[in-house]
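> Quick check, what structure comes out for this input:
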Amino acid sequence: MTPETKLKAQNILLIICIGLVFGLLYNYLYYPHNLNEFLEAASISILIGLMVGILEEYVFKKAFESISFLYVLIIRSLLYSLITSFILSLVLSIEMAVVEKITYWAAVIEYLKSPLFQRDFLFTFVFIILLIFISQITLLIGRANFFKIILGLYHRPHEVSRIFMFVDLTGSTSIAERLSNLAYSGFVKDYFYDVSDAILMYKGEIYQYAGDEVIVSWPIRRANLGCIRSFFKMEEIIEKKRSKYLSKYGVVPEFKAAIHVGKAIVTSVGKQKREIVYHGDVLNTASRIEKKCNELNQHLLISEDMLNCLFPHKDFIIEEKGAIELKGKAKKLRLYGIKSTSYKRK
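Prediction:
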C-alpha cells in the first residue's frame, strides 16, 4: 500500500469509527438495549461512515478547501444528514414492511412521513454540526495537539525530545516581486496545502507556518526515517503538480530543509488566543542549519545528532559536509547532506 493510499484509508477508517460511535449512542438513547439492535445500528453506522469517508477523501476534500467555514458547516451538515436519513429509510423500511405486511416502497414512504424520520434527521444534523465544528478546530491546531489539549498535557511546561524539520521556500522574495500580492498568497497557500499530505503520510505534526516556512515536528522513535521520507515525498508531490503551478503562477515551488533533534520545552501560552509552543535551542539550531543549505548547495541537511538517530537505508545517500560554523553557536556542528536514490530531482 502506497503512503498516499494508506493516509486515505486511515482518514476513512477514522470517519467510520466516529460514525460507529454515533450509531451506537443513538441506538442506546432511542432503541431497545439488545444485541440484535446494537448489531443493526453498528452495521448501518459502518455503511454510512464508509460513504461519508469516501466522499470526504475523493470528492469534497479539495472542493470545500476554498469555501468559508459557515458554508462548509451548512453544506456538510445538510448533505450528510440527508445521506444518513436516506440510508436509514432504506434499511429501517425493510423491518417496517415485514412487521406491517406492506410493500417495501410503501414502508419507505410511511417512514419518511413519520416522526421517526424527523427525529433521525434532527439528531443526525446536530451531531454532524458538532463533529464538523470539532474537525475545523483540529485543522487549526492539529489532530495530535487537539487530543493532548483535551487531556491537559500542555497545561504546564514539560520537556520532550523531538525531531524538528524547517522547510523554507526558495527564492520567495523574487517570486513575490513577480506576482501580485493576491497571486503570491494563492501560490503559498497551494504550496502549503500540497506538501501537507507528505507530512501527514509520515506522521509529522505541523508546528507552525511562519511566512513561507513550514516547521514540522516528530516524536523520536526507533527508525526515525519518516522525516527524511516526508521531505522527498514533498518534492515528488510538487513535481507531479508542476504543470498546475506553471499554468497558474508561471513558477514551480522549490524548497530546502534542515532536520535536527534535541530536547525542547512544550507548553501553551497566551490568554485570549492560546497557542502551543516549543522553546529550546533545538529549534534555533535547526533554523541555522537550514540557512546553510544554499551555501553548501544542498536541498536537505541534517545534523550529526539527527544522523545518530537514523538507521542506514538503501533509499538514501548520506554525504558528510564537515564541521560547519553556525551563526550564534559557540561550537561548530557537523552536517550531512541527504539524497534519495528512489526519487530523482529534475
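> Now the element after the lowest-mean-pLDDT helix or strand in the chain, going C-ward?
The weakest-scoring helix or strand in the chain, judged by mean pLDDT, DSSP states H and E, is helix 143-150 (a mean of 68). Sequence-wise, the next helix or strand downstream of helix 143-150 (DSSP states H and E) is strand 158-169.
> Now do that following strand: distance to the chain's middle.
Distance of strand 158-169 from the chain centroid (C-alpha atoms, centre = their mean, to the nearest Å) equals 17 Å.
> again with stretch 315-331
31 Å.
> could I have it exported to PDB, CA atoms only?
Extracted C-alpha coordinates of stretch 315-331, given in PDB (Å, rounded to 0.1, in the frame of the first residue of the first chain):
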ATOM      1  CA  ASP A 315      17.000   4.600  -0.300                       C
ATOM      2  CA  PHE A 316      19.300   7.400   0.900                       C
ATOM      3  CA  ILE A 317      22.800   8.600   0.200                       C
ATOM      4  CA  ILE A 318      24.500  10.500   3.100                       C
ATOM      5  CA  GLU A 319      27.300  13.000   2.300                       C
ATOM      6  CA  GLU A 320      29.300  14.500   5.100                       C
ATOM      7  CA  LYS A 321      29.700  18.300   4.700                       C
ATOM      8  CA  GLY A 322      32.200  18.800   7.600                       C
ATOM      9  CA  ALA A 323      32.100  20.700  10.800                       C
ATOM     10  CA  ILE A 324      30.300  24.000  10.000                       C
ATOM     11  CA  GLU A 325      30.200  27.200  12.000                       C
ATOM     12  CA  LEU A 326      26.600  28.300  12.600                       C
ATOM     13  CA  LYS A 327      25.600  31.900  13.500                       C
ATOM     14  CA  GLY A 328      25.200  32.300  17.200                       C
ATOM     15  CA  LYS A 329      26.700  28.900  18.100                       C
ATOM     16  CA  ALA A 330      29.900  28.700  20.000                       C
ATOM     17  CA  LYS A 331      30.800  25.200  18.700                       C
END
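> Just give me the residue right at the centre of this structure.
Closest residue to the average C-alpha location of the chain: L200 at 5.1 Å, with C-alpha atoms, centre = their mean.
> Correct me if wrong: that residue contacts L7.
Yes - L200 lies in contact with L7 (C-beta atoms under 8 Å); the separation is 5.8 Å. The way it works is simple: take the backbone N, C-alpha and C, and place the C-beta from them, glycine included.
> rewinding a little: now the residue nearest to the centre of the chain: how far from T124?
Distance of L200 to T124, given as C-beta to C-beta, to the nearest Å: 28 Å.
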